[in-house]
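1. Predicted structure and sequence below. I'll ask about it afterward.
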Amino acid sequence: MSESVSAGVIIYKAFMPTFMMFMVIVIGFLAAKRDILTPAGAKVLGSIMVGITMPALVFSSMVSAFTPENVKAIGPLLLAAFMFQMLGVLLAWITREIFYVPTDFRWGILVCGICSNWGYGPTAILQAIATSAPFDPEVDVDLGVAYLSIFAAYMQTTFWGLGVNKLCGWDYREDRRSVKAPLLRRQLKSIKNLILHKDGKDKASTIQVDPEFQATLEFETIQDKGTGTPFTQVDIEPFIPSTTAGSSHTVIPIHQIANSGSGQYSASVHKRSVLDNDRTNPVQPDNQPSLGVDTQRDKTSSKPIWKRMILIIVNQPNVTKAIILSIPLATIQPLKALFVATSGWSGGRMPNAPDGNPPLHIIIQITAYLGAMAVPGALLCLGASFARLKMPKNLHDLPYGAIISLTVSKMIIVPVFAIFVIQAMRDKTSLFPREDKIRTFATLLVSGSPSQVIQVVVTQSYNPDGTAETLSSFLIVQYSLTLILSTQVTFSWFHALAAIALYIVEK
């Protein structure tokens, strides 16, 4: 009987935070539908969340929770994040090679496999569940948020810092678009040709695209008409890092021209300029401005190393800056004692302020106050994003096989992998100590996260039409599974994963 009560308590603890998160998303969805949360308002709110409130939450949590002892958890967390990403992109590549994926999403599906929502969703769940047993609410809430911030910073660094976001634009570049059929279909074609003894065929015919795939390409393939006015990229969100001049591309809009006789469409997309300046421009004389560029590069490379390192840090996302600033403040005891109560320092070697708190505790209070609105505001933006997602007009043309395969990969295969691997690390190594339950819980919680919604914004900025219909169809299925589908109607996937994680940490 006690086991059933324990299971019921675990299910209730995991379900209520998920339900609360779901209701905030619904409010954002309805607010967008009723034009209360307009696109401009959502853009400003999203910029505030990413640029101000989330870094504030990370700073207050890390400085309060991290110590010289548990800061060692950063290594195991980064290792787990790397494993989840590599498995995700591998499964996405396998999906692309087995199932049909539209040509405007053959690189985007890899981004979906690499990048997940490791920020607001897991944070909302953890903040609610860590307030009760088996966790210590005095320590584990802030410590869990600090652990999740490592995952979030790693994801942001991967997406923005390593240039994964640029893969979203490769689907709209002539030199990057793939016209090959999936690998399985090509192999079946080759086997069929061998069986039929088509020896007289040219070797290239064995990898020829089949008629069904070719018919799709007739709608999607780029044809150079030689006319049109180039469009430049559109900045949809203010917090998206701007592309450099060396990586910019000239984009021509896609026009759908109705055929008056049959009602069919023909696609015309002009080639974008993708060549580097040294390939498109002729060699210039010595008196041209190219020398100025070389001189500027020489000046940049001649800067001291410390100045270049400062520039690198300044160009990082604000969440990454908050982590970089928080780690030394949290691990160097005299500095930590300035902000939060520290054993052996506060009230002794580090005098308190007149109110009995450390001298700079007001900074922790301000950042915690700002950080309290990070998760609700982000969930409102997420609901507004769902309200504006546009499904393709022809539902019969959706790549159902790829959608189901990617959803199963990210939300079933990767979490199952995480459950076995993290348990093995906990039992066989010191990477995930059994007593640090919140570390194991946070890691398992992020393993089943769906793809991040910011990819929609980035894809829209690269697409000349300003849409992301194919990506939207993938995300809608993933988030529907996250919030609705499961063994019970109201038993969400995050709820299930949270319950499994709770069961594991309580063992």
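-> Here it is on my side, so go on.

2. What mean pLDDT does stretch 157-168 get?
-> Averaging the model's pLDDT scores along stretch 157-168 yields 84.

3. Need the distance between the two termini of it.
-> Stretch 157-168 has an end-to-end distance of 16 Å (C-alpha to C-alpha, to the nearest Å).

4. quick one: contacts of that stretch?
-> Defining contact as C-beta atoms under 8 Å, 6 or more residues apart in numbering, one finds that stretch 157-168 is touched by 85, 107-108, 110-111, 114-115, 240-241, 243, 247, 316-317, 320, 452, 454-455, 458-459, 462. Backbone N, C-alpha and C define where each C-beta goes, glycine included.

5. got the buried residues for it?
-> By neighbour count on 16 or more other C-beta atoms under 10 Å, the buried set for stretch 157-168 is Thr157, Thr158, Phe159, Trp160, Gly161, Val164, Asn165, Lys166, Leu167, Cys168.

6. Strands along this protein, start to end?
-> Remark: strands assigned in the chain by DSSP state E are 255-258, 265-268.

7. Val375: neighbouring residues, count only.
-> 25 (other C-beta atoms under 10 Å).

8. That one touches Pro122, doesn't it?
-> No. Applying C-beta atoms under 8 Å, one finds Val375 not in contact with Pro122, separated by 10.1 Å.

9. Could you report the pLDDT at Ile252?
-> For Ile252, the pLDDT comes out at 41.

10. The one 5 residues further on now?
-> Looking at Ile257, its pLDDT is 37.

11. go on, Ile500?
-> pLDDT, Ile500: 75.

12. Can you give me the neighbour number for it?
-> 19.

13. Quick check: it touching Ile419?
-> Yes. Using C-beta under 8 Å, Ile500 is in contact with Ile419, at 6.6 Å.

14. any residues in contact with both of the two?
-> Leu444.

15. mind showing which ranges of the stretch 151-300 of the chain have poor pLDDT?
-> Counting by pLDDT under 70, the stretch 151-300 of the chain shows low-confidence ranges at 175-300.

16. for the stretch 301-450 of the chain, what spans make up the helices?
-> For the stretch 301-450 of the chain, applying DSSP state H, counting those that start in this stretch gives helices covering 305-314, 318-331, 333-339, 361-371, 374-388, 400-408, 414-428, 437-447.

17. so of those, which one's packed in deepest?
-> Among the helices of the stretch 301-450 of the chain, ranked by average contacts under mean count of other C-beta atoms under 10 Å, first place goes to helix 437-447 (a mean of 27).

18. Which strands and helices lie in contact with that helix?
-> helix 74-98, helix 120-129, helix 140-156, helix 414-428, helix 493-506 (3 or more C-beta pairs under 8 Å, 6 or more residues apart in numbering; DSSP states H and E).

19. closest one to Gly46 among the ones you listed?
-> Among these, the nearest to Gly46 by C-beta to C-beta is helix 120-129 (10.9 Å).

20. what's the closest one packed up against?
-> Counting by 3+ C-beta pairs under 8 Å, 6+ apart, helix 120-129 packs on helix 2-33, helix 140-156, helix 374-388, helix 437-447, helix 493-506.

21. name the helices or strands packed onto the second one?
-> Which is helix 140-156. Judged by 3+ C-beta pairs under 8 Å, 6+ apart, the packing partners of helix 140-156 are helix 54-65, helix 74-98, helix 120-129, helix 318-331, helix 437-447.

22. contact partners of the shortest one?
-> Residues outside helix 120-129 that contact it (C-beta under 8 Å, 6+ apart) are 13-14, 16-18, 20-21, 57, 135, 141, 144-145, 148, 151, 374-375, 378-379, 382, 438, 441-442, 445-446, 449-450, 482, 494, 498, 502.

23. ok, how many other residues are close to Pro134?
-> By other C-beta under 10 Å, 13 other residues sit near Pro134.

24. domains in this protein, as residue ranges please.
-> Here the domain assignment for the chain is 2-175+332-506, 184-281, based on automatic domain parsing.

25. and the ones you listed as TSV, adding distance to Ile310?
-> As requested, the domains of the chain are arranged in TSV below (distance: least, C-beta to C-beta, whole Å):
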stretch	distance to Ile310
domain 2-175+332-506	16
domain 184-281	18
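
26. Pick out the shakiest of these, pLDDT-wise.
-> If you rank those by mean pLDDT, domain 184-281 sits at the bottom with a mean of 46.

27. In CSV, list the buried residues of stretch 157-168 along with distance to Thr95.
-> Below are these laid out as CSV (distance: C-beta to C-beta, whole Å):
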residue, distance to Thr95
Thr157, 25
Thr158, 20
Phe159, 20
Trp160, 24
Gly161, 26
Val164, 17
Asn165, 20
Lys166, 21
Leu167, 15
Cys168, 17
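
28. Check these and tell me the two furthest apart.
-> Using C-beta to C-beta, those span at most 16.8 Å, a distance reached by Thr157 and Cys168.

29. hang on, the earlier thing: which among the contacts of stretch 157-168 count as buried?
-> For those, buried by 16+ other C-beta under 10 Å: 85, 107-108, 110-111, 114-115, 240, 243, 316-317, 320, 452, 454-455, 458-459, 462.

30. so of the residues you listed, which ones are in helices?
-> Among these, the residues falling in helices (DSSP state H) are Gln85, Gly108, Leu110, Val111, Ile114, Thr320, Ile454, Gln455, Val458, Thr459, Tyr462.
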